[in-house]
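In: for reference, the sequence and a predicted model appear below.
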Amino acid sequence: MEAKKKILIIDDDQDYVFVTKAVLETKSYICSCAYSAKEGLKKIKKTDPDLIILDIMMESLTAGFGLITELRSAKEGSEYFKYRNIPILVVSDIQRATGYKYKFKEIAGTNLLPVEDFIQKPAPPLELLAKVEELMSTRK
Amino acid sequence: MEKATILVIDDEQEMCDLCYDVFTKKGYRAETAKDGDVGLRKVKKLKPDFVLVDLKLPGMSGTKVLKEIKDFDPSIVSVVITGYASIESAVEAVKLGAYDYLPKPFTLDQLLTVTKRGLERRQLILESTALRQEKKKMQELFISMVSHQLRSPLTAVQGYFDLILGDFVNDVAEQKKMIKRAGMRIKTLLNLINDWLKMAEVDKDRVEKKFEYLNLSSIISETVDLMQPLARNKGVSLQFKSSDGLSLVRGDKEILQEVFTNLIDNGIKYNKDGGTVTISIKENSSQKNLNIEISDTGMGISEADIPFIFDEFLRVKNEKTQQITGTGLGLSIVKRMVEAHSGSIKVSSEPGKGSTFTVSLPKSYKSKAKR
């Protein structure tokens, strides 16, 4: 039997994390949670997830971006090197919060935003699930 | 300003050479042009800080060059060099936007003085533009944070609705828990909206209209009485130390009550069981202000947090404050309200021991009617 896939949810809103976890668990994903980018980085090392669902606006307006950079640019010898390519799905309100000035959805997947995809919060559960399934199936 | 760029547009070779030497020796980057066309091309390419333009030029007139420079970039400072009998054209040039004029023949000193002043003006323009852009960026940041703060509760509520309506959770007891949680988030949102509106309303001009002479001692005494039940509930005792014969202050009674209610409430919330909140009014005859101190024996504020304690978006988050609810706007509203009274507020604290907030308000004297 295939090992259950692990997902790490990083978001500073406890209720949103609860809801996301409940949705993902209906499809038997094993979910762990972190409530800040700082905590998130620690949990990545601890759980080695198959997918990270990441919010952007947490302890600072751009905390999520900091985490992405820390992971993706990790060089050999860095404590995050092993985890640098874990798929990241950004689920955030930042596009709307910044008045749609920056098209995050468009740059997702490019060097400017090296993540697998970007979903605008609030994401309907079915849409989130579909996206997660898609990302899980394309990995290795 | 890092190495300023000066452009001299003059058809006289001697003039160009002189200026080039003088400015280069002074450490500026100097460029010259013999006519308006070349001059304008150089303006567009170099974007100089300061331009000296001879009014009498072959081809394009100095006045036209001036106008073109202004159209291209109004932040470039220009000074016109006027030749014979040209005071009228000089005045005309200033009207067209030149900063000053320099009549020939001029001394080296005069040249350098006019240049120095011109560059100072340029510096001022650049700084105020930078400030305006910084202010705009900060406003945008502010709006982003506020909109995020207001939308998050609704996103969470929507999430719970999606779970229940989408049949992701069917246990009724679980569903009830979620609806309760959603209700709490909605309450927070309402409090946030109320607080933001309060912030918007506390405007010095608006507030001053309702000012009257107030006795702080009785206002605070009333406030302390109102807060006793809450304090007792939390096992905290309130102590008010006042003196008689204090000077009056001019203010809005309701707003000042809000200030002290807020500060005493914090003193209670962040306190320990069995702790105290002490309020005292101090008046020093040699000073222009009354000082109101609100001290608590609570958890205190860390040195790292103190500079930001009156900021709109700070809520100190650590294990000890986990259970304390609030919108985070309380202290920023208090600060605004105090400042609308021409007062000030400061805080000193020792983590683990407690904090003291000091509100200073200007004394006021009822003056006898002038005859």
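Out: Received it, and whenever you're ready, just let me know what you need. Keep in mind it's a predicted model, so treat the numbers as computed, not measured. Numbering: from 1, shown residues only, chains lettered A, B, ... in the order given.
In: give me the distance between the spatially closest residue to residue A:39 that is not a sequence neighbour and chain B.
Out: Excluding its sequence neighbours, the residue lying closest to residue A:39 (CB to CB, 6 or more residues apart in numbering or on different chains) is residue A:10, at 7.6 Å. All C-beta atoms are positioned from the backbone trio N, CA, C, and that covers glycine. Applying CB to the nearest CB, to the nearest Å, the value for residue A:10 to chain B is 15 Å.
In: same thing with residue A:109?
Out: 24 Å.
In: got the buried residues for the helix or strand containing residue B:347?
Out: Element membership for residue B:347, per DSSP states H and E: strand B:344-350. The neighbour-count criterion (16 or more other CB atoms under 10 Å in any protein chain shown) identifies B:345, B:349 as the buried residues of strand B:344-350.
In: and that strand, what does it pack against?
Out: Applying 3 or more CB pairs under 8 Å, 6 or more residues apart in numbering or on different chains; DSSP states H and E, one finds that strand B:344-350 makes contact with helix B:330-340, strand B:354-364.
In: quick one: name the residues of chain B near chain A.
Out: Residues of chain B found near chain A (CB under 8 Å from any CB of the partner chain) are B:140-141, B:143-145, B:147-148, B:151-152, B:155-156, B:158-160, B:162-163, B:166, B:168-169, B:181-182, B:185.
In: neighbours around the closest residue to residue B:228 other than its chain neighbours, how many?
Out: Using CB to CB, 6+ apart and skipping the chain neighbours, the partner closest in space to residue B:228 is residue B:238 (6.1 Å). Counted with other CB atoms under 10 Å in any protein chain shown, the neighbours of residue B:238 add up to 19.
In: how confident was the prediction at residue B:238?
Out: pLDDT, residue B:238: 95.
In: state the helix or strand in which it lies.
Out: strand B:237-241.
In: mind listing the strands that strand pairs with, and their directions?
Out: With DSSP bridges as the test, strand B:237-241 is paired with strand B:276-283 (parallel).
In: got the angle between the helix or strand following the strand it pairs with and strand B:344-350?
Out: Toward the C-terminus, strand B:276-283 is succeeded by strand B:289-296 as the next helix or strand (DSSP H and E). Strand B:289-296 and strand B:344-350 are oriented at 30 degrees to each other (axes from the mean of the first three to the mean of the last three CA atoms, to 10 degrees).
In: state the mean pLDDT of strand B:289-296.
Out: Over the span of strand B:289-296, the pLDDT mean works out to 95.
In: show me what it is packed against.
Out: helix B:216-233, helix B:253-269, strand B:276-283, strand B:354-364.
In: could you dump that strand to CSV, C-alpha only?
Out: Backbone C-alpha positions of strand B:289-296 (Å, rounded to 0.1, in the frame of the first residue of the first chain) are rendered in CSV as follows:
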residue,chain,number,x,y,z
ASN,B,289,1.6,69.4,32.5
LEU,B,290,-0.3,67.1,34.8
ASN,B,291,1.1,63.6,34.8
ILE,B,292,-1.2,60.6,35.2
GLU,B,293,0.5,57.3,36.0
ILE,B,294,-1.1,53.9,35.5
SER,B,295,1.1,51.2,37.0
ASP,B,296,0.5,47.5,37.1
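In: tell me where the chain has helices.
Out: By default, I'm working from chain A. Under the criterion DSSP state H, helices of chain A are mapped to A:14-25, A:37-47, A:63-72, A:94-97, A:104-107, A:125-138.
In: hmm, no, I was thinking of chain B.
Out: With DSSP H as the criterion, chain B has helices spanning B:13-25, B:36-46, B:62-72, B:87-95, B:108-165, B:172-201, B:204-208, B:216-233, B:253-269, B:330-340.
In: run through the neighbouring helices and strands of the third one.
Out: Translated: helix B:62-72. Other helices and strands packing on helix B:62-72, by 3+ CB pairs under 8 Å, 6+ apart, are helix B:36-46, strand B:50-54, strand B:77-82, helix B:87-95.
In: mind putting the ones you listed into JSON lines with mean neighbour count?
Out: Output for the helices and strands packed on helix B:62-72, formatted as JSON lines (neighbours: other CB atoms under 10 Å in any protein chain shown):
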{"stretch": "helix B:36-46", "mean neighbour count": "17"}
{"stretch": "strand B:50-54", "mean neighbour count": "25"}
{"stretch": "strand B:77-82", "mean neighbour count": "25"}
{"stretch": "helix B:87-95", "mean neighbour count": "15"}
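In: export the ones you listed to TSV and tack on distance to residue B:128 and mean pLDDT?
Out: Listed next are the helices and strands packed on helix B:62-72 as TSV, based on distance: least, CB to CB, whole Å; pLDDT from 0 to 100:
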stretch	distance to residue B:128	mean pLDDT
helix B:36-46	22	94
strand B:50-54	17	95
strand B:77-82	13	92
helix B:87-95	21	79
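In: will you turn those into JSON lines that also has distance to residue B:116?
Out: Output for those, formatted as JSON lines (distance: least, CB to CB, whole Å):
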{"stretch": "helix B:36-46", "distance to residue B:116": "20"}
{"stretch": "strand B:50-54", "distance to residue B:116": "10"}
{"stretch": "strand B:77-82", "distance to residue B:116": "11"}
{"stretch": "helix B:87-95", "distance to residue B:116": "18"}
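In: just to revisit the earlier point, quick one: strands adjacent to the strand holding residue B:347?
Out: When DSSP bridges is applied, strand B:344-350 pairs with strand B:354-364 (antiparallel).
In: quick one on the thing from earlier: worst average pLDDT in the helices of chain A?
Out: Looking at these, the bottom one is helix A:94-97 with a mean of 78.
In: residue contacts, the closest residue to residue B:303 other than its chain neighbours?
Out: Nearest residue to residue B:303 in three dimensions, chain neighbours excluded: residue B:351, at 7.9 Å (CB to CB, 6+ apart). Shown in contact with residue B:351 (CB atoms under 8 Å, 6 or more residues apart in numbering or on different chains): B:299, B:300, B:301, B:302, B:303.
In: list the buried residues for the strand holding residue B:238?
Out: The neighbour-count check on strand B:237-241 (16+ other CB under 10 Å) flags B:237, B:238, B:240 as buried.
In: tabulate those (CSV), appending distance to residue B:126.
Out: Below are these laid out as CSV (distance: CB to CB, whole Å):
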residue, distance to residue B:126
B:237, 58
B:238, 54
B:240, 54
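In: quick check on the residues of chain B next to chain A: which are buried?
Out: Applying 16+ other CB under 10 Å to those flags B:144, B:148, B:151-152, B:155-156, B:158-160, B:162-163, B:168-169, B:181-182, B:185 as buried.
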